[in-house]
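> Prediction below, plus the sequence it came from.
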Amino acid sequence: MKTATHIKTIQLENKTVKERIQCILGWTDLQYAEYQEEMGYRYLVNEFGTDCIMAQQLVYQKVFWSWWINHWMKRDIAFLEAYKKNPSITEVVYRLRHNPKGVEFDINSDLYQKSFAAMIGQLIKEVTNG
């Protein structure tokens, strides 16, 4: 179990990374958040398709978005390391790094289990409420 101090440290690190990215790209908080969210949706569509119940459930799961942001931060840190070596890299490079079609990791079983449980709960609720 992560301690509150450990979580606060990670949150502070993530905030610092985000601020550095925004400064480089000239993005506002809103632009950054909207892009991150849009890529999360696109990732789910790429993984499952538009009609998949699993994708429709995952989009509402806090655990999915925490997982997505965790991996996002890893890609942001890699971008910052590349930027240090070559400050002329552009927003295009940043967007390519976050393109969901190029993401090389899969959703873990914990995410599947939680979204499946939510999906079953929703089905039961719909059936019992008519």
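That came through fine.
> Leaving out chain neighbours, which residue sits closest to residue 46?
residue 100 (5.0 Å; Cβ to Cβ, 6 or more residues apart in numbering). C-beta: built from backbone N, CA, C; applies to glycine.
> The one you found: what's it in contact with?
Under the criterion of Cβ atoms under 8 Å, 6 or more residues apart in numbering, the neighbours of residue 100 are 39, 42, 43, 45, 46.
> And the third one, how far from residue 56?
What it means is residue 43. 14 Å (Cβ to Cβ, to the nearest Å).
> Give the burial count for the residue nearest to residue 59 when sequence neighbours are not counted, as a bare number.
Counting by Cβ to Cβ, 6+ apart, residue 59 lies nearest to residue 44, which is 6.1 Å off, once chain neighbours are set aside. By other Cβ atoms under 10 Å, the residues close to residue 44 number 22.
> rewinding a little: just the buried ones out of the contacts of residue 100, please.
For the contacts of residue 100, a neighbour count by 16 or more other Cβ atoms under 10 Å gives the buried set as 39, 43.
> Understood, closing this out.
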